[in-house]
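Novice: model the following, please.
(one chain, ligands or ions: 2)
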Amino acid sequence: MTAIAVPPELIAETIAIRRDLHAHPELAFAEVRTATFVAAKLRELGIETHEGIGGTGVVGVLAGALPGPTIMLRADMDALPMTEENDVAYVSQNPGVTHACGHDAHVAMLLGAASVLRERVAEIRGRIALVFQPAEEGGGGAPAMLKDGLIERFGIERAYGIHIVSMYPSGMFGLRPGPMMAAVDSFDLVVEGRGGHGAMPHRSVDPIVVAAELVGGLQRIVSREIDPLEPTVVTLGAINGGTTYNVIPPRVVLKGTVRTFSEETRATLEGRIRRIADHTCAAANATAHLDWHASYPVTANDPAEAEFVTRVLAETFGAERVVEIAPVMGSEDFSYFAQRVPACFVFLGAGDDAHAFPNHHPAFDIDESAMAAGISAHVAIALAATGR
Ligand SMILES: [Zn+2]
Ligand SMILES: [Zn+2]
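Specialist: Residues are numbered from 1 along each chain as shown. Ligands and ions are numbered 1, 2, ... in the order given. This is a model prediction of the structure:
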């Protein structure tokens, strides 16, 4: 085992940075305060700094003393549009916005890793791009940075990312080779009927009854049409229609999300939903309008990179701290980096009895002691990936 030494004062600073970011969360592509802070910190460390990549993205480039490959370490910066329900000193100061996915910790950990790596440039063979990405939570900050030429501009050959999760015990690492996180697409489905008096249903086309049939009908896709061994989710997250007791509304709007684990299955979902919506509506004299929003692809770890990262983490922390996990149905736009270069995404546990709410819960919080492991993991991966 070769532990990576992180000075106690750097761990304390990392926790302080995380708490400051937590108190001042910012939404997708509006991470101005966060990005400004990141850029200032990188410059303070004497690291070449590039701002405004893919919107509010920041890239620090740390050139080792010796020649070698260029790799990237990624941290996402955005918070979620929800209200925090924590009673802590560093509670969100921005109403309706909170870091409920740990991206505050990601930024702090990567800055901590930058400090450690800065001290070790003499032994680094290659270059490390420290990528601070905007808008992971649905906004597509990763593709925005790629569109801005991230890979070409910095010559990036491999990509690594760490995500804090409270569902694993603090300090545990989880990853798997191949597909690890699902593809996500979403849709708006409008059931257009004809409004009227609640007492005279025969003179209207009731979209509420049609919407109710669709709630059940769309569940048939997963239960009856998809191979049971192929992980797929169809979830309706919102149904909106109607205003009062005795009025049949003209339309009902449904919103849903779809998760799939293969591009083959993914490609069939829009057509299946459209078919069921069209025919269910037609049977009732209503009309369906489906708006499909293609989103993030499957996050797939390159098998060789997953093996490499597993080995590096086991050497750094001990094999008992690294677990091969089952795939999860959450999604990540790190997937776009993994489509471009060999890449590996890793979960870092930060849960304990006091921090047991899942990511995206209003009371999500983390065991901050896990952040020291996050710093060490970034450093160990960067040193090994550039040096080999
Ligand atoms: Zn999230
Ligand atoms: Zn996240």
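Novice: where along the stretch 201-350 of the chain do the helices fall?
Specialist: 207-220, 263-283, 303-317, 334-340 (DSSP state H, counting those that start in this stretch).
Novice: please identify the most buried of the ones you listed.
Specialist: helix 334-340 (a mean of 22; mean count of other CB atoms under 10 Å). For the C-beta atoms, the positions are set from N, CA and C on the backbone; glycine is no exception.
Novice: picking that back up, in JSON lines: the helices of the stretch 201-350 of the chain, plus mean pLDDT and distance to residue 69.
Specialist: Converted to JSON lines, the helices of the stretch 201-350 of the chain look like this (pLDDT from 0 to 100; distance: least, CB to CB, whole Å):
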{"stretch": "helix 207-220", "mean pLDDT": "98", "distance to residue 69": "47"}
{"stretch": "helix 263-283", "mean pLDDT": "97", "distance to residue 69": "29"}
{"stretch": "helix 303-317", "mean pLDDT": "98", "distance to residue 69": "13"}
{"stretch": "helix 334-340", "mean pLDDT": "98", "distance to residue 69": "15"}
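Novice: and of the ones you listed, who's closest to residue 248?
Specialist: Among the helices of the stretch 201-350 of the chain, helix 207-220 comes nearest to residue 248, with 7.3 Å by CB to CB.
Novice: so what secondary structure elements neighbour the closest one?
Specialist: strand 183-192, strand 232-240, strand 251-260, helix 263-283 (3 or more CB pairs under 8 Å, 6 or more residues apart in numbering; DSSP states H and E).
Novice: what about 10 Å?
Specialist: In terms of contacts (3 or more CB pairs under 10 Å, 6 or more residues apart in numbering; DSSP states H and E), helix 207-220 is packed against strand 183-192, strand 232-240, strand 247-248, strand 251-260, helix 263-283, strand 287-294.
Novice: got the angle for that helix vs helix 263-283?
Specialist: 150 degrees (axes from the mean of the first three to the mean of the last three CA atoms, to 10 degrees).
Novice: alpha carbons of helix 207-220, in CSV - could you do that?
Specialist: Provided in CSV are the C-alpha atoms of helix 207-220 (Å, rounded to 0.1, in the frame of the first residue of the first chain):
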residue,chain,number,x,y,z
PRO,A,207,-58.3,14.2,-21.0
ILE,A,208,-58.1,13.1,-17.3
VAL,A,209,-59.6,9.7,-18.1
VAL,A,210,-57.2,9.3,-21.0
ALA,A,211,-54.2,10.4,-18.9
ALA,A,212,-55.2,7.8,-16.2
GLU,A,213,-55.2,5.1,-18.9
LEU,A,214,-51.7,6.3,-20.1
VAL,A,215,-50.3,6.0,-16.6
GLY,A,216,-51.0,2.3,-16.6
GLY,A,217,-50.5,1.8,-20.3
LEU,A,218,-46.9,3.2,-20.3
GLN,A,219,-46.0,0.8,-17.5
ARG,A,220,-46.6,-2.0,-20.0
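Novice: returning to what we had before: so which of the helices of the stretch 201-350 of the chain comes closest to residue 294?
Specialist: Of those, nearest to residue 294 by CB to CB is helix 263-283, at 8.3 Å.
Novice: how about the nearest residue to residue 188, chain neighbours excluded?
Specialist: Setting aside the residues directly before and after it, residue 188 is nearest to residue 291 in space (CB to CB, 6 or more residues apart in numbering), at 4.4 Å.
Novice: so what's the one you found up against?
Specialist: 186, 187, 188, 189, 190, 255 (CB atoms under 10 Å, 6 or more residues apart in numbering).
Novice: how does the chain divide up, domain by domain?
Specialist: 8-180+298-387, 183-294 (automatic domain parsing).
Novice: any chance of a markdown table for those domains, columns distance to residue 2?
Specialist: Shown next, in a markdown table, are the domains of the chain (distance: least, CB to CB, whole Å):
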| stretch | distance to residue 2 |
| --- | --- |
| domain 8-180+298-387 | 6 |
| domain 183-294 | 35 |
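Novice: any idea which of these is most buried?
Specialist: domain 8-180+298-387 (a mean of 20).
Novice: and it, how far apart are its ends?
Specialist: Using CA to CA, to the nearest Å, the end-to-end distance of domain 8-180+298-387 comes to 26 Å.
Novice: equivalent analysis for stretch 256-271, please.
Specialist: 15 Å.
Novice: can you pull out the helices in the stretch 51-200 of the chain?
Specialist: Counting by DSSP H, counting those that start in this stretch, the helices of the stretch 51-200 of the chain are 103-119, 141-147, 150-154.
Novice: run the chain-centre distance for the shortest one.
Specialist: Yep, that's helix 150-154 we're talking about. 22 Å (CA atoms, centre = their mean, to the nearest Å).
Novice: check which helices and strands it sits against.
Specialist: Contact analysis of helix 150-154 by 3+ CB pairs under 10 Å, 6+ apart lists strand 48-53, strand 57-63, strand 66-76, strand 125-133, helix 141-147, helix 334-340 as its packing neighbours.
Novice: and the contacts of it?
Specialist: So helix 150-154 is contacted by 48, 50, 53-54, 57, 59, 61, 70-72, 127-129, 131, 133, 142-146, 156-157, 159, 336-337, 340-341 (CB under 10 Å, 6+ apart).
Novice: what does the pLDDT read for the residue lying closest to residue 14 once chain neighbours are set aside?
Specialist: Leaving out its chain neighbours, the residue that sits closest to residue 14 by CB to CB, 6+ apart is residue 112, at 4.1 Å. pLDDT, residue 112: 98.
Novice: got a list of what residue 112 touches?
Specialist: Applying CB under 10 Å, 6+ apart, we find residue 112 in contact with 6-7, 10-11, 13-15, 17-18, 371-372, 374-376, 378-379.
Novice: for residue 364, which non-adjacent residue is closest in space?
Specialist: Nearest one to residue 364, counting by CB to CB, 6+ apart, is residue 100 at 4.3 Å.
Novice: show me what contacts the one you found?
Specialist: 22, 25, 79-86, 92, 137, 357-365.
Novice: now swap in residue 27 and tell me
Specialist: 78, 79, 80, 81, 94, 96, 97, 134, 135, 137, 139.
Novice: with pLDDT and distance to residue 226 added, can I get those residues in a markdown table?
Specialist: Formatted as a markdown table, those follow (pLDDT from 0 to 100; distance: CB to CB, whole Å):
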| residue | pLDDT | distance to residue 226 |
| --- | --- | --- |
| 78 | 98 | 32 |
| 79 | 98 | 34 |
| 80 | 97 | 29 |
| 81 | 96 | 31 |
| 94 | 97 | 40 |
| 96 | 97 | 36 |
| 97 | 98 | 36 |
| 134 | 98 | 34 |
| 135 | 98 | 30 |
| 137 | 96 | 27 |
| 139 | 92 | 29 |
